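K.L.:
One predicted model, sequence on top.
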Amino acid sequence: MLSHRLGRTGPSLLTNFLRCGELALLITMAGAGIGPMVARAWAQASAQSPSASAEAPRAAASDDAVADSSSDVARIYAAMEANAADPVDPDHVILDGGIRQGLAALDPFSSFFDSDQFRQLQQQQRGQALGFGSILYVQVGKILVISVAPDSPSARAGLGPGDEIVRVNGTRIAGLDFQSMIDLLQQAREKTVRLGVIHPGKIVAQDYELNPAEVNLPSVDKTFLLRPDIGYLHVASFESNTPQEVSAALAKLQMAAASESGGAHASSGGKNPGPKGKGARSEGAHAADSALAGVVLDLRDNHGGQVQAALGVASIFLPKGLSVLTVRGRAQPPQTLLTGQLPPDFQSWRGPLVALVNGETASSAEVVAAALEEHDRAVIAGESTYGKGVVQNVLPLSDDMGLALTMAQYFTPSGRSIQRPIPGTSLAAPEPSRTGETTGFRTDDGRALAAGGGVTPDVILTARDLDPWVQFLDQRGAFTQFADQYRDAHSEISRGFQPDDQVLGDFQDFLHQSGVRTPENYWEQDHDYLELRIRTEVMNLVYGVAAGDEVAIKADPQVQGAEGLFARIPELLKPSPPSERADRGMNGARKRQGRFAAGGQEVRCASCSTMGR
């Protein structure tokens, strides 16, 4: 069975992020034993008979470049094994030096997964991982819990934000350097662990024994109201459960908006898709009196994922039967994927929509953004996207290994390719469009579209520009360290906590005591950002990551800019004059229905509740 993925890079699928202030761990497992097997076979083939290996096979395979190359590799490996100064690790030579480098020569997105890596990929696709369900902040000599997942081993044990882990399997944290702490946490990740934990306000550690379990990894990781009638949700990736998670997030926003408005509006699932407006094409009943007036769909830093998950999310925001993408490869006929009918219990959204993107928005996330843009369904805001327009199939191999191989290029509903050229690879000159055209792309309503790689926003919103001094403070973990001290010194901190001049003065003293200078010019210009970071980290430690994320997101200039676009949606999505659309003829009508003149198969998302590989 093949798993179609639209992800920015292969290695990104293998990245486990241990959220600990400013720390991100890239965990790449070792080879799984294929190296010695292949190495022995190659070495034996070369050693059996010099004349047989050098003459007869060469004559028989003179027209077979693969066979010739294999013979060359076998001889090179035999020479290395016999003469290298140090013992040769076949896993490293063949897997890392041979297979992985060979795939890298094709394109940046194809990759090989050994058994451990393939298991992690499968867990990610299911939205799960083996672990304890806690997010940690790590600094030299100290580990703090800043969030625990519901119904996880950490939550069931009673751990929560602000807890300090002082011992792991009997080893004291205070005496370890940073790398030793990381190694200790990594070793304890997948087996029973004994922890010594000090709860906030206590001085004596309590002992806990935790057993690892499959923990949910939600792909919709942030959901809340920006204001009483505007919702926000961030989709971090596209995995098998993402459509269900987006549906649940929209239902949550509907209920929260109704509560904010005094309960006068009720959410009624998929039958109550929201207020009608520009970009809200009719499908089913619309609740004109919905308390939720708009949604910001944040696709920033989303590197992609499963094609079917992206199709399911598009079906939540678009009517049934619209094209989302066309996939075309050398080994398969073109397939046009269409939005499908949502299950009855799904929450759709047909009201005003703004989609946020940036340079880290890639692949499946670009598919969704382009479909929303080309069907005039949403205003696209932010920065130009990454530009990945190819599809990888994940091919299961023997011994629980896998291969992600680029097998097709995809095209948006208008026929564009969003693949950016990558010099020196097979993607140095990707097809510019489904038809070979390079210009003249338009949305259903005739608005002009940019070509040449990636999705160009309708409205450019720049990210916050951080100067070197605050970047240094972030990298040092200064804000989290100060927040930890501040929390210890204050028994009660409300959710409305706002750093005042006294708190900023304490922070300045803390920096001086830590040997960090506070240049006056930086201190003055970064005043607002310092307040924001202190408040965010205090909320993280006292109320959990969700509370801190909400504080940070609401102060994000790109999110604030997106929030201000709802009043302009009719203007921004205004159809072009009929004269500019006349040349599109029936081709435009077919595109709106998801049918392409180039032919190929049409595939509908018949049941978004069972999307998977």
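P.N.:
Happy to help now that I have it.
K.L.:
any chance you could map the strands in the stretch 51-200 of the chain?
P.N.:
111-113, 128-131, 134-139, 142-148, 164-168, 171-172, 193-198 (DSSP state E, counting those that start in this stretch).
K.L.:
Nearest to residue 562, out of these?
P.N.:
strand 142-148 (25.4 Å; Cβ to Cβ). For glycine as for every other residue, the C-beta is placed from the backbone atoms N, C-alpha and C.
K.L.:
Tell me which of the strands of the stretch 51-200 of the chain sits nearest to residue 431.
P.N.:
Nearest of the strands of the stretch 51-200 of the chain (Cβ to Cβ): strand 111-113, 22.8 Å.
K.L.:
Show me how far that closest one is from its chain's centre.
P.N.:
From the chain centre to the centre of strand 111-113 is a distance of 19 Å (Cα atoms, centre = their mean, to the nearest Å).
K.L.:
tell me which strands and helices it is in contact with?
P.N.:
Strand 111-113 is packed against strand 402-411, with contacts defined by 3 or more Cβ pairs under 8 Å, 6 or more residues apart in numbering; DSSP states H and E.
K.L.:
Output the below-cut-off pLDDT ranges for this protein.
P.N.:
1-64, 66, 95-98, 105, 119-130, 263-289, 399, 435-438, 579-613 (pLDDT under 70).
K.L.:
ok so, going back, and the strands of the stretch 51-200 of the chain, which is most packed in?
P.N.:
strand 111-113 (a mean of 25; mean count of other Cβ atoms under 10 Å).
K.L.:
Who does it pair with, and is each partner parallel or antiparallel?
P.N.:
The strands beside strand 111-113 in its sheet (DSSP bridges) come out as strand 402-411 (antiparallel).
K.L.:
that older thread, with distance to residue 237 as added columns, please give the strands of the stretch 51-200 of the chain in CSV.
P.N.:
Compiled in CSV, these are given as follows (distance: least, Cβ to Cβ, whole Å):
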stretch, distance to residue 237
strand 111-113, 17
strand 128-131, 13
strand 134-139, 17
strand 142-148, 18
strand 164-168, 28
strand 171-172, 34
strand 193-198, 27
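K.L.:
and of those, who's closest to residue 292?
P.N.:
Among the strands of the stretch 51-200 of the chain, strand 142-148 sits nearest to residue 292 (Cβ to Cβ), with 26.7 Å.
K.L.:
that older thread, do you know which of the strands of the stretch 51-200 of the chain lies nearest residue 406?
P.N.:
strand 111-113 (9.9 Å).
K.L.:
Now do the same for residue 463: helix, strand or coil?
P.N.:
coil (DSSP: H, G, I helix; E, B strand; the rest coil).
K.L.:
so it touches residue 557, yeah?
P.N.:
Yes - the criterion here is Cβ atoms under 8 Å, and residue 463 meets it with residue 557 at 7.1 Å.
K.L.:
Pretty sure residue 390 sits against residue 410.
P.N.:
Yes - counting by Cβ under 8 Å, residue 410 is a contact partner of residue 390 at 7.1 Å.
K.L.:
More neighbours: these two, which one.
P.N.:
Higher neighbour count among residue 390 and residue 410: residue 410, with 29 against 24, using other Cβ atoms under 10 Å.
K.L.:
Please tell me I have it right and the more buried one contacts residue 324.
P.N.:
No - using Cβ under 8 Å, residue 410 is not in contact with residue 324; the gap is 9.5 Å.
K.L.:
what is in contact with these two at once?
P.N.:
Taking Cβ atoms under 8 Å, 6 or more residues apart in numbering as the contact rule, residue 410 and residue 324 both touch residue 367.
K.L.:
hmm, back to that, can you tell me which of the strands of the stretch 51-200 of the chain is nearest to residue 429?
P.N.:
strand 111-113 (22.4 Å).
K.L.:
Backbone dihedrals for the residue nearest to residue 403 when sequence neighbours are not counted, please?
P.N.:
Closest residue in space to residue 403, ignoring its immediate chain neighbours: residue 395 at 4.6 Å, by Cβ to Cβ, 6 or more residues apart in numbering. Here is the backbone geometry of residue 395 (degrees, to the nearest 10): phi -100, psi 110.
K.L.:
Residue 395 and residue 474: what is the separation?
P.N.:
40 Å (Cβ to Cβ, to the nearest Å).
K.L.:
Residue 262: which of the strands of the stretch 51-200 of the chain is closest?
P.N.:
Among the strands of the stretch 51-200 of the chain, strand 142-148 sits nearest to residue 262 (Cβ to Cβ), with 31.5 Å.
K.L.:
What angle do strand 193-198 and that closest one make with each other?
P.N.:
Orientation of strand 142-148 against strand 193-198 (axes from the mean of the first three to the mean of the last three Cα atoms, to 10 degrees) gives an angle of 100 degrees.
K.L.:
which other helices and strands contact strand 142-148?
P.N.:
strand 134-139, helix 153-157, strand 164-168, helix 478-489, helix 527-543, helix 545-554.
K.L.:
how about CSV for the ones you listed, with distance to residue 115 added?
P.N.:
Formatted as CSV, the helices and strands packed on strand 142-148 follow (distance: least, Cβ to Cβ, whole Å):
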stretch, distance to residue 115
strand 134-139, 26
helix 153-157, 24
strand 164-168, 26
helix 478-489, 36
helix 527-543, 36
helix 545-554, 32
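K.L.:
burial of residue 151, as a residue count?
P.N.:
11.
K.L.:
Kindly apply the preceding question to residue 348 instead.
P.N.:
The burial count for residue 348: 22, using other Cβ under 10 Å.
K.L.:
how long is stretch 101-112 from one end to the other?
P.N.:
One end of stretch 101-112 to the other measures 10 Å (Cα to Cα, to the nearest Å).
K.L.:
For that stretch, list every residue counted as buried.
P.N.:
Of the residues in stretch 101-112, 103, 107, 108, 109, 110, 111, 112 count as buried by neighbour count, 16 or more other Cβ atoms under 10 Å.
K.L.:
How about stretch 496-515?
P.N.:
So for stretch 496-515, counting by 16+ other Cβ under 10 Å, buried means 497, 499, 503, 506, 507, 511.
K.L.:
which residues sit in contact with residue 464?
P.N.:
Counted by Cβ under 8 Å, 6+ apart, residue 464 has contacts 529, 556, 557, 558.
K.L.:
Would you check that the third one makes contact with residue 528?
P.N.:
No - counting by Cβ under 8 Å, residue 528 is not a contact partner of residue 557; they are 10.9 Å apart.
K.L.:
More neighbours: which of these two?
P.N.:
When residue 557 and residue 528 are compared on other Cβ under 10 Å, the one with more neighbours turns out to be residue 557, at 12 against 9.
K.L.:
Would you indicate which residues of stretch 392-401 are buried?
P.N.:
Applying 16+ other Cβ under 10 Å to stretch 392-401 flags 392, 393, 394, 401 as buried.
K.L.:
which stretch of helix or strand covers the first one?
P.N.:
Right, the one you point to is residue 392. strand 390-396 (DSSP states H and E).
K.L.:
Partner strands of that strand, with direction?
P.N.:
Short version: by DSSP bridges, strand 390-396 pairs with strand 3-7 (antiparallel), strand 402-411 (antiparallel).
K.L.:
Can you show me the helices along the stretch 151-300 of the chain?
P.N.:
153-157, 178-187, 242-260 (DSSP state H, counting those that start in this stretch).
K.L.:
by contact count, what packs against the longest one?
P.N.:
If you count contacts as 3+ Cβ pairs under 8 Å, 6+ apart, helix 242-260 packs onto strand 220-227, strand 230-235, helix 307-317.
K.L.:
The first one packs against which elements?
P.N.:
By that I understand strand 220-227. strand 230-235, helix 242-260, helix 545-554, helix 557-563.
K.L.:
Strand partners (parallel or antiparallel) of that strand?
P.N.:
Here, using DSSP bridges, strand 220-227 pairs with strand 230-235 (antiparallel).
K.L.:
how far out from the middle of the chain is the strand it pairs with?
P.N.:
Centre to centre, stretch against its chain (Cα atoms, centre = their mean), the figure for strand 230-235 is 15 Å.
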